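Participant: coordinates only, no sequence provided:
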């Protein structure tokens, strides 16, 4: 048996062992626990997360910026009492920053120290010289120390890095030329997020459960605002949710997400507003819109938006 065959056999055995230890997560229970952690998940998202945990697969969350993809990973870590490791992706991300690196300065000092006492050369690839970046560190999860690995904005990384992830997502393993293959006994819970600035390769998607997080309904957004900002007046929370929904129908360069809605509600509260009126609508737009052309476009229709928000008062409130 070749060394490569040996490593493959070891990975297969670890995979079988993981199947025996895998836990089954109830979707409704997970949804309730996420709510207790401050995250309002719909049935589709809760199902994707529960399947990912139960079947030990990564989950890919796509959606516009600000819809709560990153917060879903944070809430999942809170639910399972896990350590959250975050790998922020960017163009040019390589293995040294994402997976592992060697402490070259420490290696050089060890060599000089050995030479000074005429001792044999140290093992330069021992654990003491290995720097564990998020991907490798995530493979160190144990039953007592669970890990949620957040690979954030994978669409910002290069194709080469995306290709490297294929081994990691298939086997929860990383091949280190100087050490061999490092595989997880207790795999981390892996959440990938994408703002869809580019299409991801099918090979990556095949290794993940998938869920698209869209903008919430008005009722769900009110629930989110009330959950995170309990001191905000209920009427103001309704106005913000309705106004945000109206803004998303405009042809904006960047439509507001939930994060912007939360900022907007806090800004209006700071301004002393009980309701969303034209007087505070204009001055608070910088908290919800991020481009001058968007602000000018919305400012021109401020009266119509406020009128629409107030007209909805006739509808039953959640």
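Facilitator: Happy to help now that I have it. Predicted, not measured: the structure shown is a model, and the values here were computed from it. Residues are numbered from 1 along each chain as shown.
Participant: what helix or strand is residue 38 located in?
Facilitator: Assigned by DSSP states H and E, residue 38 belongs to no helix or strand.
Participant: which stretches of the stretch 151-300 of the chain form helices?
Facilitator: Taking DSSP state H, counting those that start in this stretch to define them, one finds helices in the stretch 151-300 of the chain at 159-171, 202-206, 218-228, 234-247, 258-270, 278-283, 292-300.
Participant: just checking, what packs against the longest one?
Facilitator: If I follow you right, that is helix 234-247. Helices and strands touching helix 234-247, as assessed by 3 or more CB pairs under 8 Å, 6 or more residues apart in numbering; DSSP states H and E, comprise helix 218-228, helix 258-270, helix 302-311. (C-beta placed from N, C-alpha, C; glycine too.)
Participant: still on that earlier bit, just the helices of the stretch 151-300 of the chain: most buried one?
Facilitator: For the helices of the stretch 151-300 of the chain, the largest average neighbour count (mean count of other CB atoms under 10 Å) is found in helix 234-247, namely a mean of 22.
Participant: which intervals of the stretch 201-318 of the chain have sub-threshold pLDDT?
Facilitator: For the stretch 201-318 of the chain, the stretches flagged by pLDDT under 70 are 312-318.
Participant: what's near enough to touch residue 129?
Facilitator: Residues in contact with residue 129 (CB atoms under 8 Å, 6 or more residues apart in numbering) are 102, 103, 106, 107, 110.
Participant: narrow those to just the buried residues.
Facilitator: Buried residues within the contacts of residue 129, counting neighbours by 16 or more other CB atoms under 10 Å: 107, 110.
Participant: what's the closest of the contacts of residue 129 to residue 78?
Facilitator: residue 103 (32.6 Å; CB to CB).
Participant: so for the closest one, what's the nearest residue that isn't a sequence neighbour?
Facilitator: The shortest distance from residue 103 to any residue other than its chain neighbours is 5.0 Å, reached at residue 129 (CB to CB, 6 or more residues apart in numbering).
Participant: for residue 105, see how far away that neighbour is.
Facilitator: 10 Å (CB to CB, to the nearest Å).
Participant: mind putting the contacts of residue 129 in CSV, secondary structure, distance to residue 201 and pLDDT included?
Facilitator: Shown next, in CSV, are the contacts of residue 129 (DSSP: H, G, I helix; E, B strand; the rest coil; distance: CB to CB, whole Å; pLDDT from 0 to 100):
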residue, secondary structure, distance to residue 201, pLDDT
102, strand, 29, 95
103, coil, 33, 95
106, helix, 37, 94
107, helix, 36, 91
110, helix, 41, 92
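Participant: now do the contacts for residue 271.
Facilitator: Residue 271 neighbours (CB under 8 Å, 6+ apart): 280, 283, 284.
Participant: same question, residue 301
Facilitator: Residue 301 makes contact with residue 250, according to CB under 8 Å, 6+ apart.
Participant: circling back: between the contacts of residue 129, which sits nearest residue 205?
Facilitator: Closest to residue 205, out of all of the contacts of residue 129 and judged by CB to CB, is residue 102, at 32.4 Å.
Participant: go ahead and confirm that closest one touches residue 123.
Facilitator: No - contact criterion CB atoms under 8 Å: residue 102 and residue 123 do not qualify, at 11.9 Å.
Participant: outside of the one helix or strand residue 108 maps to, which residues touch it?
Facilitator: Taking DSSP H and E as the criterion, residue 108 maps to helix 104-116. Helix 104-116 is contacted from outside by 119, 120, 121, 122, 124, 128, 129, using CB under 8 Å, 6+ apart.
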